[in-house]
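**Student:** Next one to model:
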Amino acid sequence: VQLQASGGGLVQPGGSLRLSCAASGNIFNINDMDWYRQAPGKQRELVAAISRGGSTSYTDSVKGRFTISRDNAKNAVYLQMNSLKPEDTAVYYCHAMVISTWFAPARSYWGQGTQVTVSS
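**Tutor:** Numbers count the residues shown, from 1 in each chain. Presented below is the predicted three-dimensional model:
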């Protein structure tokens, strides 16, 4: 199973970006899908999470600005980021709990990370 993230880049404060992440490989089902980020010198933090049924949660610092969504048919998760701030600058990682066969437990997989830089 591989997770391929895309959509990062350089944006001015107040701008928007949309991150995408698609899972491929031996996939029977995907439970929770998440976005994490890691800024230089800081620990990786959970930004947003979405269950297979669509329930979402966000870290306080992005509530009202970021929206996580998913397309189960495409095994994909998205992160719409609006009103970006310099403190949102980080490498963003997608993460998924993937079930490869009907009798197997879910396993944790990570994407390769995509850089988001918010700067004027």
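**Student:** most centrally placed residue in the protein?
**Tutor:** For the chain, the residue nearest the mean C-alpha position is residue 35 (2.7 Å; C-alpha atoms, centre = their mean).
**Student:** I'd like the average pLDDT over the helix or strand where that one lies.
**Tutor:** For residue 35, the enclosing helix or strand under DSSP states H and E is strand 29-38. Strand 29-38 shows a mean pLDDT of 97.
**Student:** Pretty sure the residue nearest to the centre of the chain sits against residue 92.
**Tutor:** Yes. The pair formed by residue 35 and residue 92 meets the contact definition of C-beta atoms under 8 Å, at 5.9 Å. C-beta: built from backbone N, CA, C; applies to glycine.
**Student:** Hmm, residue 35 and residue 44 touching each other?
**Tutor:** No. Residue 44 is beyond contact range of residue 35, at 10.8 Å (criterion: C-beta under 8 Å).
**Student:** ranges for the strands of the chain?
**Tutor:** Counting by DSSP state E, the chain has these strands, from start to end: 2-6, 9-11, 17-24, 29-38, 45-50, 56-58, 66-71, 76-81, 90-99, 107-110, 114-118.
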